[in-house]
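1. the following block contains a protein sequence and its predicted model.
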Amino acid sequence: DAVVNVYINHEKKFAFVEMRTVEEASNAMALDGIMFE
């Protein structure tokens, strides 16, 4: 799995996602703004 850890703060509406590698993190950031169904 590419995701190592996730922290979600529902109250303040933010999250941290720890990825396995920098490359996987960069690839995940490239998905920002894409609409999924």
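-> Received the coordinates, thanks.

2. and the residue nearest the centre of the chain?
-> Val17 (4.4 Å; Cα atoms, centre = their mean).

3. just the pLDDT at it, thanks.
-> Note for Val17: predicted pLDDT of 97.

4. which strand residues bridge it?
-> Val6 (DSSP bridges).

5. could you say which helix or strand holds Lys12?
-> Using DSSP states H and E, Lys12 maps to neither a helix nor a strand.

6. packing partners of the strand or helix carrying Ala28?
-> Using DSSP H and E, Ala28 maps to helix 22-29. If you count contacts as 3 or more Cβ pairs under 8 Å, 6 or more residues apart in numbering; DSSP states H and E, helix 22-29 packs onto strand 14-19. For the C-beta atoms, the positions are set from N, CA and C on the backbone; glycine is no exception.

7. now the strand it packs on: how far from the chain's centre is it?
-> 5 Å (Cα atoms, centre = their mean, to the nearest Å).

8. got it, and stretch 26-37?
-> Stretch 26-37 sits 9 Å away from the centroid of its parent chain (Cα atoms, centre = their mean).

9. list the contacts of that stretch.
-> 2, 17, 19 (Cβ atoms under 8 Å, 6 or more residues apart in numbering).

10. could I get those as JSON lines with distance to Asp32?
-> Compiled in JSON lines, these are given as follows (distance: Cβ to Cβ, whole Å):
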{"residue": "Ala2", "distance to Asp32": "16"}
{"residue": "Val17", "distance to Asp32": "12"}
{"residue": "Met19", "distance to Asp32": "14"}
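
11. wait, the residue nearest to the centre of the chain touches Ala2, no?
-> No - applying Cβ atoms under 8 Å as the test, Val17 and Ala2 come out as separate, 9.5 Å apart.

12. next, the closest residue to Thr21 other than its chain neighbours: phi, psi?
-> Excluding the flanking residues, the one nearest Thr21 by Cβ to Cβ, 6 or more residues apart in numbering is Ala2, at 7.8 Å. Phi and psi for Ala2, reported as degrees, to the nearest 10, are phi -80, psi -30.
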